[in-house]
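# What follows is a predicted structure for the sequence shown.
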Amino acid sequence: MEKDKAFIKKIWPGIDKALEFWCIIVMLAMTILVLLTVFLRYVFNVAFNWTEELIILLFITTTYFGSILCVHENEHIDISFLREHLNPKAGRILGIVIDVINMVVMALLAFISFRWIQKTGSSITPGLAIPYTFIYIMFPISFGSMAVYTLRKMIGRIKAGRAVIKEGV
């Protein structure tokens, strides 16, 4: 049991770093591609359809994978006014309730997006000529990952509440 906890404590920081690295690489690729596309268009009067489609795809990728980072860093949209005016225990309980609602919504969106991919994923993109399945798969991955990160955050809230109770506060 202790080995499992130690392994989990080691693996999460690695996953977090990999996600951050992935987002940086995608953003860097998008930036380079935009600069290259603008340069080619205005200097050589050359434009490629596939580059514009790839830029859009990379932008969508940064949005969906960046949203996972937002959940991890507690940078997502939050109205904390009510929670701040409650006592710490009630605020923690409200936070847990909000986390449960978020997890249910994210899990539901992941499930719905899988069904959507089954219906629409076989089409081919016009510029890159790849199946939309490769693009759409980021939706359930993102929603599922946000649900996992929210669960992780909720477990942290519960553990923090138990520690306060054990200390007698």
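Perfect, thanks for sending it. What you are looking at is a predicted structure, and each value in this text was computed from that prediction instead of being measured.
# in the protein, which helix has the most residues?
For the chain, the longest helix by residue count, based on DSSP state H, is helix 2-43.
# helix or strand right after that one?
helix 49-72 (DSSP states H and E).
# check contacts around residue 152.
residue 12 (C-beta atoms under 8 Å, 6 or more residues apart in numbering). C-beta coordinates here come from the backbone N, C-alpha and C atoms, glycine included.
# which SSE is it in?
Here residue 152 sits within helix 138-167, counting by DSSP H and E.
# Check which residues of that helix are buried.
138-140, 142-151, 153-154, 157, 161 (16 or more other C-beta atoms under 10 Å).
# Please state the offset of that helix from the chain centre?
14 Å (C-alpha atoms, centre = their mean, to the nearest Å).
# ok, now stretch 134-152?
6 Å.
# So which residue is smack in the middle of the protein?
Using C-alpha atoms, centre = their mean, the residue of the chain that lies closest to the mean C-alpha position is residue 68, 2.1 Å off.
# any idea how far that residue is from residue 143?
For residue 68, the distance to residue 143 (C-beta to C-beta, to the nearest Å) stands at 9 Å.
# what does residue 153 give?
From residue 153 to residue 143 the distance is 16 Å (C-beta to C-beta).
# and what of residue 27?
21 Å.
# Equivalent analysis for residue 102, please.
From residue 102 to residue 143 the distance is 11 Å (C-beta to C-beta).
# again with residue 157
Relative to residue 143, and taking C-beta to C-beta, residue 157 is found at 21 Å.
# any idea what sits nearest residue 106, other than its immediate chain neighbours?
residue 147 (3.8 Å; C-beta to C-beta, 6 or more residues apart in numbering).
# so who does the one you found touch?
With C-beta under 8 Å, 6+ apart, residue 147 has these contacts: 102-103, 106-107, 110.
# quick one: which of these is most hemmed in?
residue 106 (23 neighbours; other C-beta atoms under 10 Å).
# Quick check, it in contact with residue 150.
Yes - using C-beta atoms under 8 Å, residue 106 is in contact with residue 150, at 6.7 Å.
# returning to that earlier point: check which helices and strands the longest helix of the chain sits against.
Of the remaining helices and strands, those touching helix 2-43 by 3 or more C-beta pairs under 8 Å, 6 or more residues apart in numbering; DSSP states H and E are helix 49-72.
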